[in-house]
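Novice: The following block contains a protein sequence and its predicted model.
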Amino acid sequence: MLNALTIDVEDYFQVNAFARSIRYEDWDNYPLRVEANTSRILDLLDEFDFKATFYILGWIAERVPGLVREISRRGHEIACHGYAHQLIFAIGPDAFREDVRRAKRILEDLCGEQVCSYRAPSYSITKNSLWALDILIEEGFVRDSSIFPVYHDTYGMPDAPRFPYVIQRQAGSITEFPLTTYRLHAGKSEYRLPIAGGGYLRLLPAQILIWGIERINRQENQPAVLYFHPWEIDPDQPRIKAGLKSTFRHYLNLRKTESKLRKIFAAGRFSTMKAVLQQQSVQ
Ligand SMILES: [Zn+2]
């Protein structure tokens, strides 16, 4: 079964974990590493002959427009990660619409195609910001991958469906591809283990991730989605001073990410979110 491969294209200083240490106004003071890291990812994908969906931050697209064109030229799906990486539930509807519209326009101008897939910064579509789905529909998006169906300290909708589904809203409908969780049972209670990527990708051994994806494919007959960031394959990135938890989450196992990705890629088949949803006939 085809699984979705997704990359959130932003740089090491833009992650939410560092938002208290680094102000948006100061982003231009940090050396960009995203172009070189994403180029390495593009080569890795070519090696495996995989296509992927790249959720690109508008701010990044403006500074390295050639990178967006290159991702598109190599046959990958260009998708939108907003402009300034602000949490949706923190900025409210008007600022969200402005942010997403700005990013979509920049990306479409660069790749010459409609950009119809969206992922929220830090999965910030939660039960308090479901209005964002109406705005996405109104702004021309047909696919979203922003809802993490887990308990987490900053995001998540623990009761949301675990696999692709169509959400009906007042503004219309949008296909949601939730981030993959593996269901564990302990007595009568169910626990959802995120195996989709990011910090979990770096925390869990490759064999567990491969096993989890295979079980989801075979037993539940559903596709998984894997996500990571270009900075996660870059152990030499500048160190940012931040709290203990943020530091642990950000710098854990950076040196091992690429070899882990190679093992996961060798064990499965991956493509764009669009291709996987078409295969599943969800949209
Ligand atoms: Zn992000």
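Specialist: Cool, got the structure. Just so you know, these numbers come straight off a predicted model, no measurement behind them.

Novice: SS state for Ser21?
Specialist: Assigned state for Ser21: coil (three-state reduction, DSSP: H, G, I helix; E, B strand; the rest coil).

Novice: which residue packs closest to it, ignoring adjacent ones?
Specialist: In space, and not counting its chain neighbours, Ser21 is closest to Ala242: 4.8 Å by Cβ to Cβ, 6 or more residues apart in numbering. Bear in mind the C-beta positions are built from the backbone N, C-alpha and C, glycine included.

Novice: my read: that neighbour touches Phe18, true?
Specialist: Yes - between Ala242 and Phe18 there is a contact at 5.4 Å, judged by Cβ atoms under 8 Å.

Novice: Could you tell me which residues touch both of these two?
Specialist: Shared contacts of Ala242 and Phe18 (Cβ atoms under 8 Å, 6 or more residues apart in numbering): His250.

Novice: what's the following helix or strand after the host helix or strand of Ser39?
Specialist: In the assignment (DSSP states H and E), Ser39 maps to helix 34-48. Sequence order places strand 53-56 as the next helix or strand after helix 34-48, per DSSP H and E.

Novice: Give me the packing partners of the helix or strand that comes right after that following strand, helices and strands only.
Specialist: Next in sequence after strand 53-56, counting helices and strands by DSSP H and E, comes helix 58-63. Identification of packing neighbours for helix 58-63 by 3 or more Cβ pairs under 8 Å, 6 or more residues apart in numbering; DSSP states H and E yields helix 65-73, helix 93-111.

Novice: which stretches of the protein have low pLDDT?
Specialist: 283 (pLDDT under 70).

Novice: rerun at 80
Specialist: The chain contains residues with pLDDT under 80 at 150-155, 186, 281-283.

Novice: Now do the contacts for the residue nearest to Ser21.
Specialist: Ala17, Phe18, Arg20, Ser21, His250.

Novice: out of those residues, who's nearest the ion?
Specialist: Ala17 (10.5 Å; Cβ to the ion).

Novice: Checking the closest one next. Helix, strand or coil?
Specialist: Put simply, Ala17 is helix when judged by three-state DSSP.

Novice: Could you report the distance from the closest residue to it other than its chain neighbours to Arg63?
Specialist: Spatial nearest neighbour of Ala17, chain neighbours left out: Ser246 (3.8 Å); criterion: Cβ to Cβ, 6+ apart. In this view, Ser246 and Arg63 are 24 Å apart by Cβ to Cβ, to the nearest Å.
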